[in-house]
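# Just the structure for this:
(one chain, ligands or ions: 1)
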Amino acid sequence: MLRTYIADIALPSCLYNASGARCVTAAELDALAESAAGAILSKSCTPTYRAGNPLPRYYENEWGSFNSMGLPNEGYKYYAKYAAVRPHRDKPYFVSVSGLSLDDNLMMIEALGKTPPIDAIELNLSCPNVPGKPQTGYDMEHTNETLRQVAPLCLNKVWGVKLPPYFDIAHFNETAAILNQYPIHFVTCINSIGNALVIDPHSEQVVIKPRNGFGGLGGDYIKPTALANVRQFYTLLRPDIAIIGCGGVRTGIDAFEHILCGASAVQVGTALVREGTACFSRIEAELKTLMQQKGYYCIDDFKGKLKEL
Ligand code: SIN
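Take a look at the predicted model:
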C-alpha cells in the first residue's frame with residue numbers, strides 16, 4: 001500500500017529517516033534496517049570523522065526540535081563500507097554527503113558513485129550549522145556550479161539534493177530553473193529552518209551552546225514551510241524528479257499531507273529522535289488507516305492531488 005519509487009529504486013514503504021536522525025553509527029543504521037522504514041539514509045558525511053559542535057547542541061520542546069550539531073559523522077569511508085555489511089540488503093541504502101567545500105563533495109561523490117551497494121546519494125546543500133560555511137542552496141551561482149561539476153560523476157547512480165527552505169516565489173523559480181537543467185533524480189525538501197533562536201525565559205539563556213545559540217528548527221514548527229516547499233517544487237520541477245518531503249512528519253496525517261502536496265516519499269527526523277525507530281510502524285499504521293478511510297489503495301491515488309479552493 002505504501003510502496004513507492006525514487007527513480008528505479010523501489011521502497012517497500014514511503015517512510016524513512018531524515019539524514020541526521022539516529023543514523024550516525026552502524027548500530028543506529030542497523031536499527032533502521034530492522035525497522036519498518038522503507039530505506040536507510042546515513043548521516044551527512046564529510047571526508048573524515050568530525051566530532052561536530054560543542055554540547056549541548058540539540059534541544060526539543062512540544063513544538064519540535066532545535067539543533068546545531070555541526071555534522072558529527074564517521075567520515076564517508078565508514079558509510080561506504082557499511083553498505084556492504086548492512087543487514088537487510090534488500091532495503092535501499094542512501095548516503096548523504098555534505099562536504100565543507102565543492103572539492104570535498106566531488107571527491108566523496110566520485111568515490112561513493114563507484115560503490116555499488118550504495119543505492120543513491122543525497123547531496124546536502126543546506127546544512128546551516130557549520131561556523132563560517134553558508135548554506136550552498138541559498139547561493140544560486142554556487143548551487144549551479146556544484147551541480148554542473150557533480151552531474152558527470154553520477155552517471156550511473158541515483159542522486160538528488162537536499163534543499164534549505166525557501167520563502168519567496170522568486171527563489172523557488174530561480175532554484176527550480178537551475179535544478180531542471182541537471183539529471184537529478186530527486187529533491188528533498190526541506191532541511192531545518194536555519195539560524196533560528198530558541199531561548200529559555202526562566203534562565204534568560206539560549207538553549208544550545210554552538211554559534212551563540214543559533215540553530216536549525218525542525219518538527220511541528222516547520223511543517224507549513226515544508227509543505228509549501230514540497231508543493232512549489234512538485235509544481236516547478238520536471239515530472240521525472242521525485243520530491244521527498246521532510247519537515248514536521250510526526251503522524252500519519254502529516255505524511256499524508258506531504259504526499260498530497262506531491263511527495264513520493266517522506267522522511268522523519270524529530271519524531272524519530274524522540275520516539276526511536278518504532279515511529280515508522282506507528283506512522284505507517286496511521287497513514288494506512290487514513291488511506292483506507294478515504295478509499296485510497298496506493299500513494300499514487302492521491303500524490304500531488306491537492307485541491308484548490
Ligand atoms: C548538522 O549536523 O548540523 C545538521 C545537518 C544539516 O542540517 O544538514
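# what about stretch 158-168, average pLDDT?
Across stretch 158-168, the average pLDDT comes to 98.
# Would you mind listing the buried residues in it?
Neighbour-count burial for stretch 158-168 flags 158-166 (criterion: 16 or more other C-beta atoms under 10 Å). (Glycine included, C-beta is placed from N, CA and C.)
# swap in stretch 185-196?
Applying 16+ other C-beta under 10 Å to stretch 185-196 flags 185-194, 196 as buried.
# now swap in stretch 293-301 and tell me
Result for stretch 293-301 [16+ other C-beta under 10 Å]: buried residues 296, 299.
# Over to stretch 76-93?
Neighbour-count burial for stretch 76-93 [16+ other C-beta under 10 Å]: 76-80, 82-83, 86, 91-93.
# filter those residues down to the ones close to the ligand.
For the ligand, no contacts are drawn from the buried residues of stretch 76-93 by C-beta under 6 Å from any ligand atom.
# These: which two are farthest apart?
Maximum pairwise distance in these, criterion C-beta to C-beta, is 21.4 Å, between Lys77 and Lys91.
# Spell out the residue ranges of the strands in the stretch 1-150 of the chain.
4-6, 9-11, 15-17, 40-41, 58-61, 64-67, 93-97, 120-124 (DSSP state E, counting those that start in this stretch).
# got those as JSON lines, with mean pLDDT and distance to Ala242 columns?
Putting the strands of the stretch 1-150 of the chain into JSON lines (pLDDT from 0 to 100; distance: least, C-beta to C-beta, whole Å) gives the following:
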{"stretch": "strand 4-6", "mean pLDDT": "98", "distance to Ala242": "5"}
{"stretch": "strand 9-11", "mean pLDDT": "98", "distance to Ala242": "10"}
{"stretch": "strand 15-17", "mean pLDDT": "98", "distance to Ala242": "13"}
{"stretch": "strand 40-41", "mean pLDDT": "98", "distance to Ala242": "14"}
{"stretch": "strand 58-61", "mean pLDDT": "98", "distance to Ala242": "29"}
{"stretch": "strand 64-67", "mean pLDDT": "98", "distance to Ala242": "25"}
{"stretch": "strand 93-97", "mean pLDDT": "98", "distance to Ala242": "12"}
{"stretch": "strand 120-124", "mean pLDDT": "98", "distance to Ala242": "10"}
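# The nearest residue to Leu106 once chain neighbours are set aside and Tyr234, how far apart?
Nearest non-adjacent residue to Leu106, counting by C-beta to C-beta, 6 or more residues apart in numbering: Gln149, 5.9 Å away. From Gln149 across to Tyr234, the span is 27 Å (C-beta to C-beta, to the nearest Å).
# Then Ile6?
Taking C-beta to C-beta, one finds Ile6 at 14 Å from Tyr234.
# Ok, Glu174 next?
17 Å.
# Compare these two (neighbour count), which wins?
Tyr234 (22 against 15; other C-beta atoms under 10 Å).
# Does Arg89 touch Pro116 like I think?
No - judged on C-beta atoms under 8 Å, Arg89 makes no contact with Pro116 at a distance of 11.4 Å.
# picking up where we left off before, any idea how many residues pack against the residue nearest to Leu106?
14.
# give me the low-pLDDT residue ranges for the stretch 51-200 of the chain?
Applying pLDDT under 70 to the stretch 51-200 of the chain picks out no residues at all.
# what residues are up against Gly245?
Taking C-beta atoms under 8 Å, 6 or more residues apart in numbering, we find Gly245 in contact with 189, 226-227, 230, 255, 258-259, 261, 263, 265-267.
# got the residues of this protein near the ligand?
So the chain meets the ligand at 20, 44, 68-71, 98, 124, 126-127, 129, 191-192, 216 (C-beta under 6 Å from any ligand atom).
# Among these, which pair sits farthest apart?
Across those, the longest distance by C-beta to C-beta is 15.1 Å; it joins Ser68 and Asn124.
# what about the two, which has more around it?
Ser68 (29 against 25).
# ok, and the closest non-adjacent residue to that one?
Spatial nearest neighbour of Ser68, chain neighbours left out: Gly215 (3.7 Å); criterion: C-beta to C-beta, 6+ apart.
# host element of the one you found?
For Gly215, the host element (DSSP states H and E) is strand 214-218.
# Quick check: buried residues in that strand?
214-218.
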